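Give the three-dimensional model of this entry:
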Amino acid sequence: MNYERAKYAKLLEPLEMRHKTLRNRIVFGAHTANMAEGGLPGERHLGYYLERARGGAGMIVVEPMPVHPTAVLTRGNFKPCSDEVIPGFRRITEVCKAEGATMLQQIYHVGQHGDYDLSYQPNWSPSGLPSFHDGDGSHRMSESEIETLIDCFVQAAIRARACGFEGVEIFGAYNSLLEQFWLPWNNRRDDRWGGTLENRMRFTTEMVSRIRKAAGDEFIIGIASSIERDVNVGLKVEELQEIASYLDDRALIDYISVGTGSYFDHSSTIPGFLNADKLGAPNAEALKAVCKHIRVQAESHIRTPENANEVITSGGADLVSIVRGQIADPHWVNKVAQNRDTDVRGCISCNQMCWGRRSRDYWISCLVNPSAGREFEWGGDSFTAADKSKRLLVVGGGPAGLEAARVAAERGHSVTLVEASSKLGGQFRLAGLQHRRSQILELIEWYERQFERLDVKVQFNSPVDGEDILSYEADEVIVATGSLPAETGFQRVLPELERLPGAEKKNVFSVEDVMTNNAKLGGHVLVLDDTGDWRGLGTAMHIASRGHRVSVVTGWPLVGQFLPRTLSDNDSRARVKASGGSLLTETAITEWTDSGARLRSVLDRSESFIEADTLILATTNISEDWIMAELENLNSAQSKHLIGDAMAPRLAVAAIYEGRVLGQAI
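Below is the predicted model:
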């Protein structure tokens, strides 16, 4: 592809790396896709990486290979120390290299932060310090065990070469094993593996030198690293500069990648929507200042083509790792190269299906791109033309309707979408109005651009009933009318109480009332968080950002019970707490009065009272499905489909998935 006239030509320039020429500066960086079956790469892996190679990624670093049984960290890890992985990886590397991507594999060991539940091995570390993954301690390695791990890294690199990989990236980020040797706080040894910088670097030096000797001069060797900004004992920029200079002066590696966060504080390892764009770019710039030979790669929330281009053109890095961006849109690079950057479907930094699924030990996917992880089943993130073009009517412009309409139009159907309000997005748009969640609005704008490109006809301010729908004479009707607040105050920890006493009062509102500015909020606002997601915590944070004092009551053990997998929950709770309110967990509301709420502890059933001016009900909605019932009663000949919240109120990921599946099937 000719990149010379591309809008972001510098970003798309080739780059020399050892004896390889990368076709551009954009890397699909290493991350645990967690897709292995029986420890082996299979069809899911093949489809996943091939799609990004076809999409234009200059280099792909395939997810980490544990180098030793003590390094196994997830159910979907590959078999360590086994040649059984070679055939599967050779299939992947051959087809991806044929598409023009340079292929590397990350090799790793997290040291003291292992997971016995998955490895059934003790955690090995330099100094025997506790795991931050759970409550376990670790085993202080003997010198012979250190030598064993060095050899395991070397053997993993040799095996990677046999798999067809053109290099390896050694994982040193997030306070993993390499960093545990580098960092004085972790490395408390008094032998030749600890103390001075040279001793603390010995593990890395020995390992890399032996890999170079074993794998050959053409083999690329990189190291992944990260900076911990918010924990005093974490690795700081100045310390990593010293380490990078040490590696650079001795020409030990070809590149160093630098991100953010660590096991000390995971909140910025995969930055959520509360983090700034280009979070890791200053770290890369600091390493560029001291590295004369090795290439520097920037990572961590380099989210958009503009972000990436600015990092490269400013000289702040030689490469950029775009992971979630290429999960959300595997054709990110090609679209940028074709000056179609406005067609890139942007990551919304929600972490719900990438890190969120990985943290629950599933294979990863994507909220905005349900084909992620399903490429081998769906043929990638592209569409085949329908056998026959049909006239489709989509009722409702929320996420389910948006995706169904887009995909159906991509396949050649004539699509009309009717929306009762004046804007697209439904409740997804309201979520995008919450504090710092505007990336959702960017996604809705992307749908609007796609509709214009695909000639999808959108009719706003067009509420319809069954009779109206018949008049459109559509071949098929998709009902995606969403859901409405239940307004009962039902709580899961009080299932016998179908309606909260006092829920009918004038100072009680729904989340939807808040986000549409139809709630009159008092000085102290009480939020009932019964769903454990952004309906409660996100709305509380939004209200706090408007200057109100906010308290949250939840029956769960944690406010935002299901949000730790997004890595944004701690900061969100801190922002709510900063308003001067309280976070009341394992607590139910038994009655709302004119002056506040009567509370009951879930643990000991003790009663208390909290004064407040306003109550917000963040509870599960009810489906708005009456149109489907009308259509069925009318006995129309049209094919009818019910999707999204109209089928069952859930998160946006379910709505977009169902829209995609239906759009592909019609």
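
Would you state the strands of the stretch 451-600 of the chain in chain order?
Using DSSP state E, counting those that start in this stretch, the strands of the stretch 451-600 of the chain run over residues 457-459, 476-479, 483-484, 508-510, 524-529, 549-553, 583-584, 587-592, 596-601.

Check the stretch 301-450 of the chain too.
Going by DSSP E, counting those that start in this stretch, the stretch 301-450 of the chain shows strands at 319-321, 391-395, 414-418.

Can you list the low-confidence ranges for the stretch 151-300 of the chain?
Of all residues in the stretch 151-300 of the chain, none has pLDDT under 70.

Out of the strands of the stretch 451-600 of the chain, which one sits most buried?
Per residue and on average, the most neighbours among the strands of the stretch 451-600 of the chain fall to strand 524-529, with a mean of 27 (mean count of other CB atoms under 10 Å). The way it works is simple: take the backbone N, C-alpha and C, and place the C-beta from them, glycine included.

which helices and strands sit right next to that strand?
Contact partners of strand 524-529 among helices and strands, from 3 or more CB pairs under 8 Å, 6 or more residues apart in numbering; DSSP states H and E: helix 537-545, strand 549-553, strand 614-618.

What angle do strand 549-553 and the first one make with each other?
Spelled out, that is helix 537-545. 160 degrees (axes from the mean of the first three to the mean of the last three CA atoms, to 10 degrees).

residue contacts, the nearest residue to K457 once chain neighbours are set aside?
Once flanking residues are discounted, K457 sits nearest to T416: 4.5 Å by CB to CB, 6 or more residues apart in numbering. By CB atoms under 8 Å, 6 or more residues apart in numbering, the contact list for T416 reads 391-394, 456-459, 472, 474.

got it, and V527?
V527 touches 536, 539-540, 543, 550-553, 615-616, 618, counting by CB under 8 Å, 6+ apart.

Quick check: of the contacts of T416, which lies closest to V290?
V456 (52.0 Å; CB to CB).

Can you tell me how far the closest one is from Q241?
V456 sits at a distance of 52 Å from Q241 (criterion: CB to CB, to the nearest Å).

How about D254?
On the measure of CB to CB, D254 and Q241 end up 18 Å apart.

picking up where we left off before, quick one: which of the helices and strands packed on strand 524-529 is nearest Q155?
For these, the distance to Q155 is smallest for helix 537-545, at 46.1 Å, taking CB to CB.

Just the C-alpha atoms of the closest one, please, in CSV.
What follows is helix 537-545, C-alpha atoms only, in CSV (Å, rounded to 0.1, in the frame of the first residue of the first chain):
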residue,chain,number,x,y,z
LEU,A,537,-21.5,4.5,40.4
GLY,A,538,-21.4,6.5,37.1
THR,A,539,-24.5,8.5,38.0
ALA,A,540,-23.2,9.1,41.5
MET,A,541,-19.9,10.4,40.1
HIS,A,542,-21.8,12.5,37.6
ILE,A,543,-23.9,14.1,40.3
ALA,A,544,-20.8,14.7,42.5
SER,A,545,-19.1,16.4,39.6
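
So V456 and Q241 - more neighbours on which side?
V456 (23 against 16; other CB atoms under 10 Å).

For the more buried one, list the residues it contacts.
Counted by CB under 8 Å, 6+ apart, V456 has contacts 405-406, 409, 415-417, 450.

Out of the residues you listed, who's the most crowded?
For the contacts of V456, neighbours tallied by other CB under 10 Å; top is A405, 31 neighbours.

what two of the contacts of V527 have the greatest distance between them?
It's I543 and V553 that sit farthest apart of the contacts of V527, by CB to CB, at 13.9 Å.

The residue nearest to I270 when sequence neighbours are not counted: neighbour count?
For I270, ignoring the flanking residues on the chain, the nearest one in space by CB to CB, 6+ apart is W355 at 4.7 Å. W355: 21 surrounding residues under other CB under 10 Å.

now swap in the one 10 residues further on and tell me
Neighbouring residues of S365 were enumerated by other CB under 10 Å; the total is 22.

Confirm for me that it is in contact with R357.
Yes - counting by CB atoms under 8 Å, R357 is a contact partner of S365 at 6.0 Å.

Whichever strand or helix holds M65 - what's its average pLDDT?
Element membership for M65, per DSSP states H and E: strand 59-66. The pLDDT scores in strand 59-66 average 97.

Just give me how far that strand sits from the chain centre.
How far strand 59-66 lies from its chain's middle: 17 Å, per CA atoms, centre = their mean, to the nearest Å.

Counting by contacts, list what the helix or strand that comes right after that strand packs against.
Next helix or strand after strand 59-66 toward the C-terminus (DSSP H and E): helix 86-98. On a contact count with 3+ CB pairs under 8 Å, 6+ apart, helix 86-98 meets helix 43-54, strand 59-66, strand 102-108, helix 143-162.
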